[in-house]
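>>> curious how this folds, go ahead:
(one chain, ligands or ions: 1)
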Amino acid sequence: MSSVAVRLEGVKVRFETVVLAFDCTVRAGEIVGVAGASGSGKSTLFNVIAGFEAPDRGAVRIFGEEMAGRPPSERPVSVVFQENNLFAHLDVATNVGLGISPSLRLRSADLKRVDEALERVGLVGFGRRLPPTLSGGERQRVALARAVVRHRPLLLLDEPFAALDPGMRAEMRELLADLHREEGNTILMITHHPEDLRQLSDSVLFLDQGHILVHDPLDRFLERRDTAAINRFLGNA
Ligand SMILES: Nc1ncnc2c1ncn2[C@@H]1O[C@H](COP(=O)(O)OP(=O)(O)OP(=O)(O)O)[C@@H](O)[C@H]1O
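From the prediction side, this is the model:
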């Protein structure tokens, strides 16, 4: 497999009032924190990689393959959104099963994979529960299980811990680190919390006003004092 997970070259996305421009290279196997002020372009970056947004220009390559014209379901990508998008009327096991087959045609081997995924996120015995009966942290674990069960090599996490209290955030970070160790996948994770970066990420993509301002190894990023937007994010005086 290519040692580069994601390469964006000359990518431009034009909305009515703004143009966003992305160039970056993400190495396979890294956890990359994606940060930047509200409206800086983080979700659009994810939408371009996952295939929900077609760029007006430029090339999106994932593991060396050009993605133009490929729908989201045919990309080697799983996405976990901030609102975990679980179906409230379907039980936990069924929600996870949707990660394998959107039409829920699940064979017995698939049901075993669902059970294994629930076990890996610490939700043994939760299969028959409905999402509204779960805590916020448990619901995010279900969303993570639904992504994990797909075994796609690129995982995009859009503020996966946003609704969680600090204790839960720490627990979820540990879970994510364990899953990453087991899967050896590449993870891009949007976060507004410097602590998430410190604890998890190998490098940081920092966006500002629709473009990638820096892509630094974690240590270099944390030492930066040269940019107002990054100082604000890191809480530097
Ligand atoms: N469908 C759209 N139509 C028009 N403008 C859009 C659309 N999607 C995003 N934008 C604009 O593109 C810019 C980047 O938005 P984006 O949602 O990617 O930012 P973000 O960094 O994810 O923000 P947040 O942290 O608030 O989620 C914003 O100015 C936004 O208004």
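>>> up against the ligand, what does the protein have?
With C-beta under 6 Å from any ligand atom as the criterion, the chain meets the ligand at residues F15, E16, V18, G36, S38, G39, S40, G41, K42, S43, T44. In short, each C-beta sits where N, CA and C put it, glycine included.
>>> please, which helix or strand holds the fifth one?
Think S38. Assigned by DSSP states H and E, S38 belongs to no helix or strand.
>>> could you list the low-pLDDT ranges of the chain?
The chain contains residues with pLDDT under 70 at 1-2, 84.
>>> all the helices of it, in order from the start?
Applying DSSP state H to the chain gives helices spanning 42-50, 92-97, 108-120, 136-148, 166-183, 194-200, 218-223, 228-234.
>>> would a markdown table of those with distance to D56 and mean neighbour count be doable?
Output for these, formatted as a markdown table (distance: least, C-beta to C-beta, whole Å; neighbours: other C-beta atoms under 10 Å):
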| stretch | distance to D56 | mean neighbour count |
| --- | --- | --- |
| helix 42-50 | 10 | 22 |
| helix 92-97 | 35 | 23 |
| helix 108-120 | 37 | 16 |
| helix 136-148 | 29 | 23 |
| helix 166-183 | 33 | 15 |
| helix 194-200 | 30 | 18 |
| helix 218-223 | 29 | 14 |
| helix 228-234 | 25 | 16 |
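>>> mind checking which of the ones you listed is nearest D158?
helix 42-50 (5.9 Å; C-beta to C-beta).
>>> so what's the gap between the closest one and the chain middle?
Relative to its chain's centre, helix 42-50 lies at 10 Å (C-alpha atoms, centre = their mean, to the nearest Å).
>>> repeat that for stretch 211-226.
The chain centre lies 20 Å from the centre of stretch 211-226; the measure is C-alpha atoms, centre = their mean.
>>> over to stretch 110-125?
Its chain's average C-alpha position is 20 Å from that of stretch 110-125, according to C-alpha atoms, centre = their mean.
>>> which one of the helices of the chain lies closest to L154?
Of all these, helix 42-50 comes closest under C-beta to C-beta, at 7.6 Å.
>>> CA atoms only: put the closest one into CSV for me.
Presented in CSV, the C-alpha positions along helix 42-50 are these (Å, rounded to 0.1, in the frame of the first residue of the first chain):
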residue,chain,number,x,y,z
LYS,A,42,-12.2,21.8,8.3
SER,A,43,-15.5,20.2,7.4
THR,A,44,-15.1,21.1,3.7
LEU,A,45,-11.7,19.5,3.8
PHE,A,46,-13.3,16.3,5.1
ASN,A,47,-16.1,16.5,2.6
VAL,A,48,-13.7,16.7,-0.3
ILE,A,49,-11.7,13.7,1.0
ALA,A,50,-14.8,11.6,1.7
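>>> that older thread, of all the helices of the chain, which one is nearest R128?
Checking the helices of the chain against R128 by C-beta to C-beta gives helix 92-97 as the closest, at 6.9 Å.
>>> number of residues surrounding the spatially closest residue to G210 that is not a sequence neighbour?
Of all residues not flanking G210 in the chain, L20 sits nearest, at 3.9 Å (C-beta to C-beta, 6 or more residues apart in numbering). Counted with other C-beta atoms under 10 Å, residues neighbouring L20 total 22.
>>> next: the one 4 residues further on.
Applying the criterion other C-beta under 10 Å, we find 18 residues in the vicinity of C24.
>>> gap between the residue nearest to I100 when sequence neighbours are not counted and R152?
Once flanking residues are discounted, I100 sits nearest to D110: 5.0 Å by C-beta to C-beta, 6+ apart. Distance, D110 to R152, by C-beta to C-beta, to the nearest Å: 16 Å.
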